[in-house]
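> Any chance you could fold what I've pasted below:
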Amino acid sequence: MSNTYGTWLKAQREAAGLTQQQLAGLAIMTRSHISHIEAGRRVPSEEDAQRLDRALGTGNVLTSFRPGADTDAVADYFAPVQHLEQQATSIREFAPSLIPGILQTEAYARCVLGRTFPPLSPAECDRAVVTRLKRAQILQNPTSPVVWAMLDEAVLRRPVGGAAIMAEQIDHIIGLTESERIRTHVIPLELGHHPLLNGMLTLMWFEDQPPIAYSEGVRVGRLHDSPSVVEALQGNYTLALSDALSLKESLAALKATSKGYRDHG
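Numbers count the residues shown, from 1 in each chain. Predicted coordinates:
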């Protein structure tokens, strides 16, 4: 994103005679988060922008002109993550129930996004699907970011949209994996409990800033930048990965599941 927003925020903070730490205290945010916004590395959530407006007395300027506020159809809590996703050099995904967004086909994404409550209008659904597919464009770069996808087998077994859509979706992941664009590992259902079963997790690494983690549940998402929390979540991911099927075994499981959908669809 353009750094105009971050530069203006910094100018307002300095005009108010505040350090980043002092502004963080007034806005109930971390100093590192303020720093990343000013440097143009993160997009504030709508709630963050509202708190910054109140702390600096800037009316609703920071809220109204938040980057992406009017262009991308994503939940407020996901907006900063979407921006970071585009900058990451390495991404590791874990999905317990649905295919990760950057790996979704158009048909799968439309099914997921079109069944929300309250329901979206056709135009809103189209906009949300386009936004999700735009995220997947990071995979058009042949080498970066490096992407690992760890999928609970339940993700593959749940027939979102029906057999034809699931077969197409799984074949898409097979293609990305066989071309070595991504690595895919499946956690078998027979494993039972594992360290990441409670929710979706994304880990990201960058060239110019510390790694972060993002976890998500029903209508809530949280960005983690505390080094101790990120390290713990990375450990959980590594532990779960150690119990997942190998790359070769995972590809075999994907192909068998896709064939099953095609044969019985």
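
> for residue 41, what are its contacts?
Contacts for residue 41 (C-beta atoms under 8 Å, 6 or more residues apart in numbering) come out as 83, 84, 87, 208, 209. Where C-beta positions appear, they are placed from N, C-alpha and C, glycine not excepted.

> Which residue ranges of the chain form strands?
90-95, 146-152, 182-187, 200-205, 212-217, 220-224 (DSSP state E).

> Go through those strands and find the least confident stretch.
For the strands of the chain, the bottom mean pLDDT is recorded on strand 220-224, which sits at a mean of 85.

> how much does it deviate in direction from strand 200-205?
30 degrees (axes from the mean of the first three to the mean of the last three C-alpha atoms, to 10 degrees).

> Centre of the chain to the longest helix anywhere in the chain, how far?
The longest helix of the chain (DSSP state H) is helix 247-264. Mean-position distance between helix 247-264 and its chain equals 25 Å (C-alpha atoms, centre = their mean, to the nearest Å).

> tell me which strands and helices that helix is in contact with?
For helix 247-264, the packing partners by 3 or more C-beta pairs under 8 Å, 6 or more residues apart in numbering; DSSP states H and E come out as helix 153-157, helix 163-178, strand 182-187.

> what about the stretch 1-150 of the chain, any weak spots by pLDDT?
For the stretch 1-150 of the chain, the stretches flagged by pLDDT under 70 are 1-3, 68-77.

> returning to that earlier point: save the strands of the chain as a markdown table, and put in distance to residue 262 and mean neighbour count too.
Converted to a markdown table, these look like this (distance: least, C-beta to C-beta, whole Å; neighbours: other C-beta atoms under 10 Å):
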| stretch | distance to residue 262 | mean neighbour count |
| --- | --- | --- |
| strand 90-95 | 22 | 22 |
| strand 146-152 | 19 | 21 |
| strand 182-187 | 18 | 21 |
| strand 200-205 | 27 | 21 |
| strand 212-217 | 31 | 19 |
| strand 220-224 | 34 | 16 |
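
> on that earlier part again, of the contacts of residue 41 - the most surrounded one?
Neighbour counts for those peak at residue 84, which has 21 neighbours (criterion: other C-beta atoms under 10 Å).

> And that one, how far from residue 37?
12 Å (C-beta to C-beta, to the nearest Å).

> contacting residues around residue 206?
Counting by C-beta under 8 Å, 6+ apart, residue 206 has contacts 84, 87, 88, 89.

> Kindly indicate which of these lies nearest residue 114.
Taking C-beta to C-beta as the measure, residue 114 sits nearest to residue 84 out of those, at 26.5 Å.

> For stretch 117-125, list the C-alpha coordinates in PDB.
Extracted as PDB, the C-alpha positions of stretch 117-125 are listed here (Å, rounded to 0.1, in the frame of the first residue of the first chain):
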ATOM      1  CA  PHE A 117     -25.800 -15.200   7.500                       C
ATOM      2  CA  PRO A 118     -27.200 -12.600   7.100                       C
ATOM      3  CA  PRO A 119     -26.800 -13.500   3.400                       C
ATOM      4  CA  LEU A 120     -24.800 -11.300   1.000                       C
ATOM      5  CA  SER A 121     -26.500  -9.800  -2.000                       C
ATOM      6  CA  PRO A 122     -25.300 -11.100  -5.400                       C
ATOM      7  CA  ALA A 123     -23.100  -8.000  -5.900                       C
ATOM      8  CA  GLU A 124     -21.600  -8.300  -2.400                       C
ATOM      9  CA  CYS A 125     -20.900 -12.000  -3.000                       C
END
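
> What are the contacting residues of it?
With C-beta under 8 Å, 6+ apart as the criterion, stretch 117-125 contacts 73, 110, 113, 114, 128.
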